[in-house]
Structure formats: C-alpha cells, structure tokens
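[1] Predicted coordinates and the sequence they were generated for:
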Amino acid sequence: MSRHHLHIPLLYPTDSARRMPVAAVVDAWNLRRQVMASSGKPRHATVDGLIGALRPYGFEIKEVYFSLATEPAQRGNGRKKQSTRFVDALNKNQAAKARWERDPRARVLDGRLADRSDEGKIDDGQPAEKMVDVLCAVEICRLAVAIRDGLHQARGIISVSRDMDIIPAYRFAEEIGVPVWVAARDGVQWRYDDHRWLLLDEEALAASVDLRVKPHGHQLRMIIAQTCFTDTLQTMDIDYVDETTHRIMLNGPEGSLGSMPADRLSGRALRGRQVDLWPVGVDLGRGRNDLPRVVYDVSRRGLPISLDTAVVSRWLDETSIEVRLGPKRRRLRVPPGFLLPGMSVMVHLDASSGLRYVGSLDPRPSVPGVWQRKSVTTVQVTEPSGFCSSRGFVEADGQPIELEHPGQENVERGARFPAFLTNPRSDRGYGSAMSIGSQLPQLPT
C-alpha cells in the first residue's frame, strides 16, 4: 500500500523535532536492579545512557535527577561496627554520585543507607535505602510547578521507578497540567489509572547504563538458551559468590552466564578461577522475566527434561505472546520487542510456576526500514478505528503500519505512540506494531 493512500502528513526533517523535552527523575538503585535482571550486569545509569535510551520513545531528556542512598542512616554510633556489605554498598553509591556530579545535566538527591546486617531475617541482612522514594516524589512536585510556571525548559517528566509510593506525586503533577510518564521494564502498564507509562525493553535498559558489552538482552538470552541444549563439558570462569543464594556466579564462552551451588565445588571459589563443568539446567531467577543463567555441575546429568521448544504465533499484549507447544497454544510472558512470529523459543515447564520463557533459539530475521536498527520507534495514527487497533505510519521512515494500542486511550487522528514491531508483514500486506507506552503529545502544527 502506498503512502499516498494513507494521507501521511509531511514528516519533521529531524528526529529531534519530534521529541518532547522532559526532565527525568530516577530511583537509581531501582533502575540498577532492573538492569541487573535484564542483562546480568549490576550497573548504574549514566546521563548520556538515559538520553539515548528514551530518544526512540519520543523524548529528549534535558536534566536528570538521580535519587540514591549516598549517606549513612546512622552517624556517630560507635557501638555498632558497620558490616563489609554495608561499607561496600555505600562506597559504590558515593562513587556513582561523584561520576554524576561531573555532568552539569545531573543532580543527585541524597538518601540514606541503613546497615541491617544484624537483622538477617530481613532481606538476608541487605543494606536498606531510606528516603529515596520520598525524595523522588518531592522533586517531581517541584519540577511540575517549575514546568507549569515556565521556569524549566522541559514540558513533561519521566519517572524511572517501579515504586508505587510515588503515585501521589504523579497525580499532583497531572492535576496542574504537567504530564508524567513512569518508565520500567514491567508492571507499570497495568497502572494506567494512576499514571502514564512506558515499558523499557532490554535494549533501552542496556542503553541506560551505556552498556556496550556484547552480547546483552535478547542476544545473550539466545546464547544461554542454546547452551542449555549443549550436552558438552564447558570451561567457565568464576565471577563471584552470591551470599544471598549461596551460589557461584559464572562467566562462559561467548558471554554466556551460569551458576552452580557453592557446595558442589571443591577448593576456593576465587574470582577468575577456571573450572570445567556440565550444563544441567537453567536458573530463571526471582522475577518473572529475569535474565536466566545456565545451571552447571561437576557431574554430567544429561539434558534437563523441563526444557522444551515452542514457536511464536503472535503477540497478545505488551509482555505476552502466544506460542505453539506441540499440539497446544499457550500464553507466555516475555520481555517486550525482538520476538516475531515463526521464531523458535526455549521454554521451561514447571508444575508450580507454569510455562516460563528462557530465550530465543533463532536470530531475529531481517525486517523493513527503521525496525532493522531500532527496537522501538514512534508511530502516528492516520485512521483511528475506535477500538484497540488503528492504521498509521512509522514517523522515522513513513512505512505504513497497523498499530495495536491501549484500549483505555482516546485515540484520534494524529495520535502518537512509542511502539515495537510485532509482525513485519500481516495479512493486510504491511506490518503491525504494538504500543510500548501511553500516548505521546501531538506534534505542533
């Protein structure tokens, strides 16, 4: 179908003209945990990384406020010796603060860090952040007033956090006419009654921390999935011992990640030590779509029977696909983006947790236009249907697209959404995409 038949308006000459200027308020440790769950690498975000991560979604970040526990919660308490875990966490946070403060576009909101090493039953004695979510909420309210009064160059706010305690601040900003989008890797899309939302795909999370190490995200998942089906002895490097789970974390060939019980290894688990191990299963982590790790052991056990191969049929919503597993069709939770119909994926079947996604077994096929180099881009509606699907075009290159968008949105001609590709060619002869966030502001005329 030609662009003429879609009555596509003239595109803006540059990407920057289509982006909304925003200020970002970041719960830094919350985002760090999301990056860890997605890439296996615990890193703090950078200013340039966040700017690059949000540009495909239609935003241009002008200023970033990082909220992080950079000060001890208890001072001058000579009776309590600070734990090594607490000191290490505080030092890392203070080092991150020093890096951010070298950038004039960054501000740090200083929270407190509490040592809970003597409270082992609470999160295994992990240090706890204090004041961080309240600092985010207060800053969002301050920014909203400044934007409303024309004292800030931004026109809206991005909050990078999954914390529901900040919702009253979002509501306040919206009440005074300042839009707020809440960005996270999952969960925020179900809170559309409380705030606008954006889902950060695995590419955006990697970009937010300026992660240039390959592979990561879906590419790393594919290596891990393929390794699970490899019944061969592998040489792995010890990375560190997780004190919470009592497991040894491993790095392998081609960037793959693994783990094994600490009590299965003879000798000391020293960082960098190489050990020959057999793949015996998969560790899916704590969260629903955490990055998996291959489970290794010193003894060969054969391929795990809990793993199987399924084929992608279609996308059902932002984080769910339908797969063919033998004669049945099943719903499978997955990270947004990347997967396309016809691709084979590895799944884990368990009586208690059900069907879970491990990773793709196939590389992503070639796709048209901007989708080949971007996992997310903006789509503009030209023919709203009044339901959950409308016709439109990709703003970056003009290709026609069928867009599935949130049913609760009031979609009119000119409505804009960040979206990811769900099918490069549908039955109508052109591609289909799904929104990965709430509606964006319309372009000025």
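    Done, it's in. Note that this is a predicted model, so its numbers are computed, not measured. Residues are numbered from 1 along each chain as shown.
[2] Report the strands that pair with the longest strand that the chain contains, each with its relative direction.
    Longest strand in the chain, counting residues (DSSP state E): strand 59-72. According to DSSP bridges, strand 59-72 has the following sheet partners: strand 20-27 (parallel), strand 106-114 (parallel).
[3] Might you calculate how far stretch 82-89 sits from the centre of the chain?
    Centre-to-centre, stretch 82-89 and its host chain are 28 Å apart (Cα atoms, centre = their mean, to the nearest Å).
[4] Check what pLDDT Val138 gets.
    Predicted confidence (pLDDT) for Val138: 98.
[5] Any idea how many residues pack against it?
    Applying other Cβ atoms under 10 Å, we find 16 residues neighbouring Val138. Every residue, glycine included, has its C-beta placed from N, CA and C.
[6] That one: what secondary structure?
    helix (DSSP: H, G, I helix; E, B strand; the rest coil).
[7] On the three-state scheme, the closest residue to it other than its chain neighbours is what?
    The shortest distance from Val138 to any residue other than its chain neighbours is 7.5 Å, reached at Ala169 (Cβ to Cβ, 6 or more residues apart in numbering). The three-state label given to Ala169 by three-state DSSP is helix.
[8] With the one 4 residues further on instead?
    Using three-state DSSP, the three-state assignment for Ala173 comes out as helix.
[9] Next up, the contacts around the residue nearest to Val138.
    Cys136, Ala137, Val138, Ile140, Cys141, Ala144, Val180 (Cβ atoms under 8 Å, 6 or more residues apart in numbering).
[10] how's the protein carved up into domains?
    3-208, 215-365, 369-435 (automatic domain parsing).
[11] gap between the first one and the chain center?
    To tie it back to what came earlier, the one meant is domain 3-208. 13 Å.
[12] lowest-confidence helix or strand of the chain?
    helix 3-6 (a mean of 32; mean pLDDT, DSSP states H and E).
[13] Max pairwise distance over the contacts of Ala169: which two?
    Val138 and Val180 (14.0 Å; Cβ to Cβ).
[14] send the alpha carbons of stretch 220-234 over as CSV?
    These are the backbone C-alpha positions of stretch 220-234, laid out as CSV (Å, rounded to 0.1, in the frame of the first residue of the first chain):
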residue,chain,number,x,y,z
LEU,A,220,22.5,-13.0,25.5
ARG,A,221,19.3,-14.9,26.2
MET,A,222,19.7,-16.7,22.9
ILE,A,223,23.3,-17.8,23.8
ILE,A,224,22.0,-19.0,27.2
ALA,A,225,19.1,-20.9,25.6
GLN,A,226,21.3,-22.6,23.1
THR,A,227,23.8,-23.5,25.8
CYS,A,228,21.2,-25.3,27.8
PHE,A,229,20.8,-27.8,24.9
THR,A,230,24.5,-28.4,24.6
ASP,A,231,25.5,-31.6,26.4
THR,A,232,29.3,-30.9,26.4
LEU,A,233,31.9,-30.1,29.0
GLN,A,234,32.5,-26.3,29.2
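[15] Model confidence score at Ser16, please.
    pLDDT at Ser16 comes out at 64.
[16] Quick check: closest non-adjacent residue to Ile158.
    Per Cβ to Cβ, 6+ apart, closest to Ile158 is Ala24, 4.5 Å.
[17] Ser67 contacts Ala24, doesn't it?
    No. At 11.0 Å, Ser67 does not count as touching Ala24 under the criterion of Cβ atoms under 8 Å.
[18] looking at it, Val25 is touching Asp163, isn't it?
    No. Between Val25 and Asp163 there is no contact under Cβ under 8 Å: 11.1 Å.
[19] So those two - more neighbours on which side?
    Val25 (28 against 15).
[20] any idea how far the residue most central in space within the chain lies from Arg171?
    By Cα atoms, centre = their mean, the chain has its centre lying nearest to Arg185, at 3.5 Å. Note on Arg185: its distance to Arg171, by Cβ to Cβ, to the nearest Å, is 23 Å.
[21] what secondary structure does Ile223 sit in?
    Ile223 is classified as helix under three-state DSSP.
[22] number of nearby residues for the residue nearest to Ile158?
    27.
[23] and if you look at Leu211?
    Using other Cβ under 10 Å, Leu211 is surrounded by 19 other residues.
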